[in-house]
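[1] Dropping the sequence and predicted coords here.
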Amino acid sequence: MPDNEGAPKTGRRRLAGLLTRRRPTSRAQRFSTVLRRIGDEADERIFFSELAEVFGDRVFGALMFIFAVPNVLPLPPGTSSVLGAPLILIAAQLAVGRRTLWLPKFIAGRSILREDFQRLVGRTLPYLRRLERFLAPRFDVMFGIVGDRLIGIACFLLAVILFLPIPLGNMLPGLAIVLFSLALLQRDGIAAIAGWVATAASVAVLVAISGALWIAAKAFVHALF
């Protein structure tokens, strides 16, 4: 379970050192490998500020993946709203073109139990490793100053949808953000295109659900009066 205690500086340096001891940056390692090593080598709790330091120049894609991928899985009601809040903050910074991620203290100081992180990673790794076989840097036109900001805007809107209490409204937006995250991590334009397709599908479903709810509400009011 997350808590609000501040992360000790020595703990942050320890985790970052474990994951970069033999390599200059986390980009030299597969994302799935970094996730597994975090779960294996972290202390009892993993602070969000630690994760931001560990992933370095891949922090936007990495943290959006971590917060978005649970939404693709069956979750208790209300969980998507909790996960949507940090996604909104991260995506907003990507949308305005920040190159480094800023986390306010109330988010940076939050943490997750290592066992919970391991459980999430354990459910995700088999699928992530299969996807990584097909991911590769390509179609650079999808990224850059304009492309990254457009992805940030899309992820911001998707995160807002996740934050709203829309019935069955979390899986498609969560999937779209996951695809965009993988695209940013590997600079893979094909994954970015898949993310845009999933975004369009998410908007279409949102419009359909909203229309159905509006029609139902009008029918209910008409029946009453």
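    Right, received. Where do you want to start?

[2] what ranges of this protein fall below the confidence cut-off?
    1-28, 74-82, 165-169, 213, 220, 225 (pLDDT under 70).

[3] From the centre of it outward, give me the first residue you hit.
    In the chain, the centroid-proximal residue (C-alpha atoms, centre = their mean) is M64; its distance is 2.2 Å.

[4] ok, now which ones touch it?
    Contacts for M64 (C-beta atoms under 8 Å, 6 or more residues apart in numbering) come out as 87, 90-91, 155, 177, 180-181, 184. Where C-beta positions appear, they are placed from N, C-alpha and C, glycine not excepted.

[5] cool, V72 as well?
    V72 neighbours (C-beta under 8 Å, 6+ apart): 171, 174-175, 178.

[6] which residues in this structure form helices?
    For the chain, the helices defined by DSSP state H cover 9-20, 31-41, 48-55, 59-68, 79-95, 105-108, 114-132, 144-163, 171-186, 189-224.

[7] how about JSON lines for the ones you listed, with distance to R138 added?
    Below are the helices of the chain laid out as JSON lines (distance: least, C-beta to C-beta, whole Å):
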{"stretch": "helix 9-20", "distance to R138": "27"}
{"stretch": "helix 31-41", "distance to R138": "17"}
{"stretch": "helix 48-55", "distance to R138": "22"}
{"stretch": "helix 59-68", "distance to R138": "16"}
{"stretch": "helix 79-95", "distance to R138": "20"}
{"stretch": "helix 105-108", "distance to R138": "33"}
{"stretch": "helix 114-132", "distance to R138": "14"}
{"stretch": "helix 144-163", "distance to R138": "13"}
{"stretch": "helix 171-186", "distance to R138": "9"}
{"stretch": "helix 189-224", "distance to R138": "5"}
